[in-house]
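In: got a sequence here, can you build the structure:
(one chain, ligands or ions: 1)
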Amino acid sequence: MNTSTSSSGAAPSNGLPRIAVLATGGTIAGSAADATNTAGYQAGVVGVDRLLAAVPALSDVAQVQAGQVASIDSKDMALTLWTTLAQRVNTLLASDDIDGVVITHGTDTLEETAYLLHLTVKSTKPVVLTAAMRPSTALSADGPLNLLNAVVVAASAAAHGQGVLVAVNNRIHSARDVVKTSTFALDAFQSPEVGALGWVQDGRVEFQRSVVRAHTVATEFVIGATWPGVDIVTSYAGVSRVAVDALVMAGVRGIVVAGTGNGSIHTSLQQALADAVSQGVAVVRASRVGSGHVMRNGAAPDDTLGFVAANGLNPYKSRVLLMLALAAGGAGPVVLQRAFDTY
Ligand code: ASP
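Out: Below is the predicted model of the structure:
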């Protein structure tokens, strides 16, 4: 893994904010054989220096330092890379020489990485993730403008203390709320129910609301080198208990269930999950629906079975929070429910 950092763009000391751009791969760094191909391409093959060179206007906005943290398709995101990335971001932001961080990332798991950083970055300086739905070689590639806008947001005073942000397609989202909602559309990133925090256009940044729940410096979570095993199962017609029993046998510490509707669970799966709780496995009820929230005891007897309700987090973000809460020593449904009610 290449974790080098190099200077790029503007002169060393011109009074502009100093922004580190960390590249991890993704479609924004994707390359296809021809410009009309937006689906058959290789993600994560274009280096950070070429991404920055495609956006000369960056030198009007910030003094940019480039770092290549990884070159992957984000479908292959690994827990070890999460540790490396979060530690790198925290180290950079602890320096008086850096005013903010931008991370280029694949769209597939961006919402998970963003939420992880939202809970583990220990700074009020801006951290902004961006991505692209079209590879860098495409006609009307969206990556260059998304990258410029992300740097504009990271360089803005308004972004301080807002938690980790996602700037894509002119919108600014909170890492807590944002999800990928389309396999192909440029406006794939949405914040269901609550909407974006604001927008960025032509160098102007405007926030229309702030995220209410605790994040970054206000969490008890620190990034560690080891991760408790937490997996996700789904409830659907005819589901069996085989997956849950196999996970318990494999020694997982937690299971998130992507339930139907308000986190309701097929009777056979629910019995398997209740048995898992009795073996010391934490069980969180989320929903497979894609928007809305899961209310405690709204669709399952949480109190009697020892389940935790995910509140407004989808199953993938619920898994991130459950891993961090378990790693921080959280145990039992009361303590874990408090984490889901807080973050
Ligand atoms: N598979 C790609 C990735 O997540 C998709 C993208 O970036 O849009 O890396």
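In: and the residue nearest to Asp341 when sequence neighbours are not counted, what does it touch?
Out: Using C-beta to C-beta, 6 or more residues apart in numbering and skipping the chain neighbours, the partner closest in space to Asp341 is Asn311 (6.4 Å). Quick note: C-beta positions are derived from backbone N, CA and C, even for glycine. Listed by C-beta atoms under 8 Å, 6 or more residues apart in numbering, the contact set of Asn311 reads His293, Val294, Phe340, Asp341.
In: shaky segments in the chain?
Out: 1-13 (pLDDT under 70).
In: how does it look with 50?
Out: 1-12 (pLDDT under 50).
In: from it, which residue is nearest to the ligand?
Out: As assessed by C-beta to the nearest ligand atom, the ligand sits closest to Gly106 within the chain, at 2.0 Å.
In: in contact with that residue, which residues?
Out: Gly106 touches 24-28, 43-44, 72-75, 77, 131, counting by C-beta under 8 Å, 6+ apart.
In: list the buried residues for stretch 215-227?
Out: The neighbour-count check on stretch 215-227 (16 or more other C-beta atoms under 10 Å) flags His215, Thr216, Thr219, Phe221, Ile223, Trp227 as buried.
In: top strand in this structure by residue count?
Out: strand 63-72 (DSSP state E).
In: helix/strand/coil for the closest residue to Ala35 other than its chain neighbours?
Out: If the residues on either side of it in the chain are set aside, Ala35 comes closest to Leu139, at 4.7 Å by C-beta to C-beta, 6+ apart. When classified by DSSP: H, G, I helix; E, B strand; the rest coil, Leu139 comes out as coil.
In: give me the neighbour count for Leu139.
Out: Leu139 has 10 neighbours, counted by other C-beta atoms under 10 Å.
In: likewise for Thr104?
Out: Neighbours around Thr104, by other C-beta under 10 Å: 29.
In: go on, Gln271?
Out: If we define neighbours as other C-beta under 10 Å, then Gln271 has 14 of them.
In: angles on the backbone of the residue lying closest to it once chain neighbours are set aside, please.
Out: Counting by C-beta to C-beta, 6+ apart, Gln271 lies nearest to Arg241, which is 6.8 Å off, once chain neighbours are set aside. Recorded main-chain torsions at Arg241 are phi -90, psi 10, according to degrees, to the nearest 10.
In: roughly how far out does stretch 277-293 sit from the chain middle?
Out: 19 Å (C-alpha atoms, centre = their mean, to the nearest Å).
In: stretch 187-198 too?
Out: With C-alpha atoms, centre = their mean, you get 14 Å for stretch 187-198.
In: can you give me the helices in the stretch 151-300 of the chain?
Out: 242-250, 267-278 (DSSP state H, counting those that start in this stretch).
In: tell me which of these is the most buried.
Out: Across the helices of the stretch 151-300 of the chain, averaging neighbours per residue (mean count of other C-beta atoms under 10 Å) puts helix 267-278 on top, at a mean of 18.
In: show me what it is packed against.
Out: Helices and strands touching helix 267-278, as assessed by 3 or more C-beta pairs under 8 Å, 6 or more residues apart in numbering; DSSP states H and E, comprise helix 242-250, strand 254-259, strand 282-287, helix 302-305.
In: the second one pairs with which strands?
Out: Applying DSSP bridges to the sheet, strand 254-259 is found paired with strand 230-234 (parallel), strand 282-287 (parallel).
In: got the ones you listed as JSON lines, with mean neighbour count and distance to Val335 columns?
Out: Formatted as JSON lines, the strands paired with strand 254-259 follow (neighbours: other C-beta atoms under 10 Å; distance: least, C-beta to C-beta, whole Å):
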{"stretch": "strand 230-234", "mean neighbour count": "20", "distance to Val335": "16"}
{"stretch": "strand 282-287", "mean neighbour count": "28", "distance to Val335": "10"}
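In: so which of these comes closest to Ala250?
Out: In terms of C-beta to C-beta, the element of the strands paired with strand 254-259 nearest to Ala250 is strand 230-234, at 8.5 Å.
In: could you check the angle helix 267-278 makes with the closest one?
Out: Interaxial angle, strand 230-234 versus helix 267-278 (axes from the mean of the first three to the mean of the last three C-alpha atoms, to 10 degrees): 160 degrees.
In: got the CA positions of strand 230-234 in CSV?
Out: Taking C-alpha atoms only, strand 230-234 is exported to CSV below (Å, rounded to 0.1, in the frame of the first residue of the first chain):
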residue,chain,number,x,y,z
VAL,A,230,-20.2,-8.2,13.2
ASP,A,231,-22.2,-9.4,10.3
ILE,A,232,-25.6,-8.6,8.6
VAL,A,233,-28.5,-11.0,7.9
THR,A,234,-31.7,-10.1,6.1
